[in-house]
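K.L.:
got a structure for you, letters missing:
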């Protein structure tokens, strides 16, 4: 089988059959009317009816692996019927079944335009046999040459248009399916990112406090017990955040995240300075809290700062530390996902290194206090 005939699921086959059946249904009523107006005998109508039935049989046995088995028989029968009709000059419309069967087969080949031309020439050549038994006249030429020529072109064109329409629908369905898959993949990546936001810093904090508690367990038991309580609180908070994420209600709060970052940095021996600007009737976008969490995690993992300054307002957050990152690219890669999310909301995320300071800043329009909790969803 030549051409780009589809090889796919059974739905492809059903769609293609429907496209061709629609084309045949559009052609058949006119053809039947033509038979009723031009048939001169009952056998002529019977022959054309059998040709139509064979055409439907070709459609019914359509497959994705090759031409239907009865296609050759249908092509031969309709060609003979048209030849007899032309020789007797008694059936000017009997070329239609041949054009339909031939058009169905041509629609599955490569170089369709060339094959349509060959089909049209063949049907017209058979019609020319009318001149073998009848004198050449303008009316006879119009009936058995011009009519089958234009009719075959029209029928093949309709079938080809249906074939192309099927291809367009198939491509649209493939694009829709791909869009669905990309949406699912994007949602999985978002979920994985949120899970990282929840557990990345929390697990790091638990590790630091565990080390501190182990060091204090003999020298300062009360402080060690306090650290263990904090470890339990962090674990419980992580469980609660995971549950919220699973139910699509998870959102960070900037003020709470500032306090969490301050406690975490101080536990690591880092001096923290915070500057918070209150907003009248507005709340910070939850993405700002996520930027703060990611920046805090990064400075604890990749830097050795002695001081950290956190400046926050309902529309912006900035984290400055005096540590030097061992691997700047990993920091940029870690913040790249958040940068895209911030930019998607019309905000801006910047990263600067200058004069021994590393700065992460984000700016996102604040939201009304009543809708802040749902801003990330």
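P.N.:
The structure has been received and is ready for your questions. Please read all numbers here as calculations on a predicted model, not as lab measurements.
K.L.:
Need the contact partners of stretch 112-125.
P.N.:
3, 82, 95, 98-99, 102-103, 106, 109, 145, 148-149, 152-153, 156-157, 160, 163 (Cβ atoms under 8 Å, 6 or more residues apart in numbering). Where C-beta positions appear, they are placed from N, C-alpha and C, glycine not excepted.
K.L.:
check contacts around the closest residue to residue 364 other than its chain neighbours.
P.N.:
Spatially, and ignoring its direct neighbours in sequence, residue 364 is nearest to residue 347 (3.6 Å; Cβ to Cβ, 6 or more residues apart in numbering). By Cβ under 8 Å, 6+ apart, the residues touching residue 347 are 285, 287, 362-365.
K.L.:
which of those residues count as buried?
P.N.:
Neighbour counting with 16 or more other Cβ atoms under 10 Å marks 285, 287, 362-364 as buried within those.
K.L.:
Among the contacts of residue 347, name the ones in helices.
P.N.:
Among the contacts of residue 347, DSSP state H puts residue 287 in helices.
K.L.:
For this protein, just list every one of the helices.
P.N.:
Along the chain, counting by DSSP H, helices occupy 10-38, 42-60, 71-88, 95-106, 112-127, 138-141, 147-216, 221-246, 254-267, 286-302, 328-344.
K.L.:
What distance do you get for the closest residue to residue 359 other than its chain neighbours to residue 319?
P.N.:
Spatially, and ignoring its direct neighbours in sequence, residue 359 is nearest to residue 352 (4.4 Å; Cβ to Cβ, 6+ apart). To residue 319, residue 352 is 11 Å away according to Cβ to Cβ, to the nearest Å.
K.L.:
Over to residue 238?
P.N.:
Distance, residue 238 to residue 319, using Cβ to Cβ: 22 Å.
K.L.:
between the two, who's got more neighbours?
P.N.:
Taking neighbours as other Cβ atoms under 10 Å, residue 238 and residue 319 compare with residue 319 leading, 23 against 17.
K.L.:
What's opposite that one in the beta bridge?
P.N.:
Note on residue 319: beta-bridge partners by DSSP bridges are residue 310, residue 360.
K.L.:
need the contact list for it.
P.N.:
Counting by Cβ under 8 Å, 6+ apart, residue 319 makes contact with 291-292, 295-296, 299, 308-310, 359-361.
K.L.:
And it, what's its pLDDT?
P.N.:
Here, the pLDDT recorded for residue 319 equals 93.
K.L.:
One more: residue 195?
P.N.:
Residue 195 carries a pLDDT value of 71.
K.L.:
Looks like it contacts residue 242 (just checking).
P.N.:
Yes: counting by Cβ atoms under 8 Å, residue 195 touches residue 242, with 7.4 Å between them.
K.L.:
Please report the distance of residue 271 from residue 70.
P.N.:
Separation of residue 271 from residue 70 (Cβ to Cβ) stands at 88 Å.
K.L.:
what's near enough to touch the residue nearest to residue 359?
P.N.:
For residue 352, the contact set (Cβ under 8 Å, 6+ apart) comprises 358-359, 361.
K.L.:
Highest neighbour count among those?
P.N.:
Using other Cβ under 10 Å as the neighbour test, the contacts of residue 352 are led by residue 358, with 24 neighbours.
K.L.:
And residue 271 and residue 70? Which one has more around it.
P.N.:
Neighbours were counted for residue 271 and for residue 70 using other Cβ under 10 Å; residue 70 has more, 15 against 12.
K.L.:
Next, the distance between the ends of stretch 140-147.
P.N.:
Terminal residues of stretch 140-147 lie 10 Å apart, using Cα to Cα, to the nearest Å.
K.L.:
ok, residues contacting that stretch?
P.N.:
86, 89, 92, 95, 124, 127-128, 130-131, 134.
K.L.:
if we go to 6 Å?
P.N.:
Stretch 140-147 is contacted from outside by 86, 92, 124, 127, 130, using Cβ atoms under 6 Å, 6 or more residues apart in numbering.
K.L.:
Can you give the domain ranges for this structure?
P.N.:
Following automatic domain parsing, one gets these domains for the chain: 10-180, 253-377.
K.L.:
Turn those into CSV, columns for distance to residue 213.
P.N.:
Formatted as CSV, these follow (distance: least, Cβ to Cβ, whole Å):
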stretch, distance to residue 213
domain 10-180, 49
domain 253-377, 10
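K.L.:
out of the ones you listed, nearest to residue 234?
P.N.:
For residue 234, the closest of the domains of the chain is domain 253-377, at 9.0 Å, according to Cβ to Cβ.
K.L.:
Can you give me the distance of the spatially most distant residue from the centre of the chain to residue 144?
P.N.:
Distance from the C-alpha centroid of the chain peaks at residue 135, with 63.4 Å (Cα atoms, centre = their mean). Using Cβ to Cβ, we find residue 135 at a distance of 13 Å from residue 144.
K.L.:
again with residue 119
P.N.:
From residue 119 to residue 144 the distance is 17 Å (Cβ to Cβ).
K.L.:
Settle it for me: which of those two has more neighbours?
P.N.:
It is residue 144, of residue 119 and residue 144, that has more neighbours when counted by other Cβ under 10 Å, with 26 against 21.
K.L.:
Near residue 276, how many other residues are there?
P.N.:
Neighbourhood size, residue 276 [other Cβ under 10 Å]: 14.
K.L.:
what about the closest residue to it other than its chain neighbours, neighbour count?
P.N.:
Leaving aside its sequence neighbours, residue 276 sits nearest to residue 312 (Cβ to Cβ, 6+ apart; 5.1 Å). Residues lying near residue 312 (other Cβ under 10 Å) number 21.
K.L.:
Enumerate every residue touching residue 312.
P.N.:
By Cβ under 6 Å, 6+ apart, the contact set of residue 312 is 254, 258, 276.
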